[in-house]
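Student: missing the sequence, but the structure's below:
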């Protein structure tokens, strides 16, 4: 959530600074702001859920088994980042292609399911 707010703040500051740019500067300041904010929200959510799942895996399984489970726990976050940030490398911006969203959005559900399965029977000390 903080990354979305920081991105929005940067876009607003850029928009205010754009008003004083020379006439030849033709890039609108808020172009792509909504897809960037939405993709950062999806990436932040999957990263948060995956980080919570890492904590739960180590707590429930211990050191060695938790380390072996890391690829499965971090996979939703890595796949979501790959799906949405691959668009940036192609030059089309954050979340600009539909396939990136089709890859990234189910990752939230997968990360939430993994977190739920790990959390549902965790004893509270």
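Tutor: Thanks, I have the structure now. The structure displayed is predicted, hence computed values, not measured ones.
Student: So which residues make contact with stretch 73-84?
Tutor: Applying Cβ atoms under 8 Å, 6 or more residues apart in numbering, the external contacts of stretch 73-84 come out as 39, 42-43, 46-47, 49-51, 53-54, 57, 94-95, 99-104, 107-108, 110-111, 114. Every residue, glycine included, has its C-beta placed from N, CA and C.
Student: So the nearest residue to residue 42 once chain neighbours are set aside versus residue 56, what's the distance?
Tutor: Once flanking residues are discounted, residue 42 sits nearest to residue 104: 5.2 Å by Cβ to Cβ, 6 or more residues apart in numbering. For residue 104, the distance to residue 56 equals 22 Å [Cβ to Cβ, to the nearest Å].
Student: For those two, indicate the residue with more neighbours.
Tutor: residue 104 (24 against 20; other Cβ atoms under 10 Å).
Student: Which helix or strand contains that one?
Tutor: Assessed by DSSP states H and E, residue 104 sits inside helix 98-119.
Student: Mind listing what's buried along that helix?
Tutor: Residues of helix 98-119 classed as buried by neighbour count (16 or more other Cβ atoms under 10 Å): 100, 101, 103, 104, 107, 108, 110, 111, 112, 114, 115, 118.
Student: which strands and helices sit next to it?
Tutor: Applying 3 or more Cβ pairs under 8 Å, 6 or more residues apart in numbering; DSSP states H and E, one finds that helix 98-119 contacts helix 33-61, helix 63-89.
Student: Serialize the ones you listed to CSV and add fields for mean pLDDT.
Tutor: Output for the helices and strands packed on helix 98-119, formatted as CSV (pLDDT from 0 to 100):
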stretch, mean pLDDT
helix 33-61, 84
helix 63-89, 82
